[in-house]
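Undergrad: Below is the sequence, then the predicted model.
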Amino acid sequence: MKLITDRGEFESFAELRYGFMQQNKAAIPVSTDEWESTTLHASEVGYCSRATMLRICGAPPKTQANLTQANEALMFAMGYFAHYLTYAAMEWAGILVASEESLLAEPWSGRCDAIFLPDCTHPEQEVLYDAKTTRPNAFKYADSFPKEQHCLQLGAYGTSARCTDILFGVIEYIDRGGSNPPVECHVNLLEWAPKAQAVMDEREALYRECVGKDWKDAPLPPVLAEEYVPHYRKAPGQDYKDLKSVTYECSWECGYCKMHHTNVDDSTRPESPCKPPNHAPIEIAKVLPQKQGGGWSYSAGAAGMHVSGIQNVIAAFTPRVPVVGGEPE
């Protein structure tokens, strides 16, 4: 519905909301300065280093339609509300120690969501908290929580001087749509802080080589490789999923990356700063129904692969995983 207003013309309520948020930053009082800088971000530790270096070197991000930007802004606003509702509840209950606190020194940046006390009678036992607000489908298709990249982000905060004595963290996955109950995951910082530090050291070395250079001349890391992906299906009446098929796919990160410029049909544009492998998922193998004998059937996509190689790929995956977040029948 087209809207003619005192602030201009808007093609929809979505764009009206986006216009309001753009002009009223106080409506969502979260600093975005760190994301607009050339620092390394804690939230990127577990993700593609090439995308990070392209951003550092000033590569142009993908141009997004107004409606896409409006939708992303709405998702951010809903996520912001869930975060700050949690902080307010912690403060009300007397367990909030800090929220949105910067913990890392340059060239790193990033704010941990919160530090809290699980037991207010023991103020020395602080715990890190990180909320991940997700689409409802994240619960439907997730095979396990917490995600490695999120553990690495929490581990990155755990490397800070402020968090030396903090041994544990909690990652809470919150469905923005409210369709699924939140999932709380406990994270051992004694395990994940050293892993994060190792990645951060590598990332800093890349940063020193790339910072100050134009993205076309910088020694960028390679593109993300294709990978084998397991697909699970919920067993009727059970609280678990069974492995049902395996595909060979491009990295999921590339499909969402703003450094991978694509056309309407998702093909890679010639001028894209990053040109990763880009093709539809290729089915390698699937489980046949019992009426067809059951067992694994190797698909046309497996042509050229030795049978033992396919079997090794399948054997590398967990055959059964628990249902995440109380998924309905």
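TA: Everything's here; your move.
Undergrad: Now do the same contact list for residue 179.
TA: 136, 139 (Cβ atoms under 8 Å, 6 or more residues apart in numbering). All C-beta spots, glycine's among them, are computed from the backbone N, C-alpha and C.
Undergrad: how far away is it from residue 323?
TA: Distance, residue 179 to residue 323, using Cβ to Cβ, to the nearest Å: 14 Å.
Undergrad: cool, and residue 189?
TA: 27 Å.
Undergrad: out of the two, which sits in the busier spot?
TA: residue 189 (22 against 19; other Cβ atoms under 10 Å).
Undergrad: My read is that the more buried one contacts residue 170, right?
TA: No - with contacts counted by Cβ atoms under 8 Å, residue 189 stays clear of residue 170, the gap being 10.8 Å.
Undergrad: the helices in this structure, which residues?
TA: 13-23, 49-56, 66-93, 136-141, 148-158, 189-210, 252-256, 307-315 (DSSP state H).
Undergrad: what about the ones you listed, which gets the closest to residue 121?
TA: helix 66-93 (12.8 Å; Cβ to Cβ).
Undergrad: Point out the other elements, helices or strands, that that closest one touches.
TA: If you count contacts as 3 or more Cβ pairs under 8 Å, 6 or more residues apart in numbering; DSSP states H and E, helix 66-93 packs onto helix 13-23, strand 96-102, strand 111-116, strand 127-134.
Undergrad: Out of those, flag the one nearest residue 291.
TA: Of the helices and strands packed on helix 66-93, nearest to residue 291 by Cβ to Cβ is strand 127-134, at 36.4 Å.
Undergrad: what about that closest one, average pLDDT?
TA: When pLDDT is averaged over strand 127-134, the result is 95.
Undergrad: Could you do stretch 86-93 as well?
TA: On average, stretch 86-93 scores 94.
Undergrad: Check stretch 165-182 too.
TA: 91.
Undergrad: residues in contact with the closest residue to residue 148 other than its chain neighbours?
TA: The shortest distance from residue 148 to any non-neighbouring residue, by Cβ to Cβ, 6 or more residues apart in numbering, is to residue 46 (5.9 Å). Taking Cβ under 8 Å, 6+ apart, we find residue 46 in contact with 147, 148, 149, 150, 151, 152, 153, 199.
Undergrad: confidence score at the fourth one?
TA: Right, the one you point to is residue 150. 96.
Undergrad: contacting residues for it?
TA: Under the criterion of Cβ under 8 Å, 6+ apart, the neighbours of residue 150 are 46, 130, 132, 171.
Undergrad: Least confident secondary structure element in this protein?
TA: Sorted by mean pLDDT, DSSP states H and E, the helices and strands of the chain end with helix 136-141, the least confident at a mean of 76.
Undergrad: Can you mark which positions in that one are buried?
TA: Within helix 136-141, the residues scored as buried using 16 or more other Cβ atoms under 10 Å are 138, 139, 140.
Undergrad: mind giving me JSON lines with those and columns for distance to residue 90?
TA: Shown next, in JSON lines, are those (distance: Cβ to Cβ, whole Å):
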{"residue": "138", "distance to residue 90": "24"}
{"residue": "139", "distance to residue 90": "24"}
{"residue": "140", "distance to residue 90": "29"}
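Undergrad: What is the nearest of those residues to residue 62?
TA: When the buried residues of helix 136-141 are compared against residue 62 (criterion: Cβ to Cβ), the nearest one is residue 138, at 22.0 Å.
Undergrad: gap between the two ends of stretch 251-270?
TA: 19 Å (Cα to Cα, to the nearest Å).
Undergrad: neighbouring contacts of that stretch?
TA: 47-48, 50-51, 54-55, 59, 61-64, 223-227, 271-278.
Undergrad: what about burial for these, which qualify?
TA: Going by neighbour count (16+ other Cβ under 10 Å), these have 47-48, 50-51, 54-55, 59, 223-224, 226, 272-274, 276, 278 buried.
Undergrad: Count the neighbours of residue 133 for me.
TA: Neighbours of residue 133 using other Cβ under 10 Å come to 20.
Undergrad: I should have written residue 307 there, sorry.
TA: Residue 307 has 10 neighbours, counted by other Cβ under 10 Å.
Undergrad: Now do it against residue 319, distance only.
TA: 18 Å.
Undergrad: just for this structure, where's the confidence low?
TA: Applying pLDDT under 70 to the chain flags residues 25-37, 141, 325-329.
Undergrad: Would you map out the domains in it?
TA: Using automatic domain parsing, the domains assigned to the chain come out as 40-210, 227-322.
Undergrad: now residue 315: how far from residue 230?
TA: Distance from residue 315 to residue 230, by Cβ to Cβ: 11 Å.
Undergrad: let me redo that: residue 74
TA: Residue 74 is 32 Å from residue 230, by Cβ to Cβ.
Undergrad: With residue 239 instead?
TA: With Cβ to Cβ as the criterion, residue 239 and residue 230 are 18 Å apart.
Undergrad: More neighbours: which of the two?
TA: It is residue 230, of residue 239 and residue 230, that has more neighbours when counted by other Cβ under 10 Å, with 18 against 10.
Undergrad: Roughly how far does the nearest residue to the more buried one once chain neighbours are set aside sit from residue 231?
TA: Among residues not flanking residue 230 along the chain, residue 317 sits closest, at 4.1 Å (Cβ to Cβ, 6+ apart). From residue 317 across to residue 231, the span is 10 Å (Cβ to Cβ).
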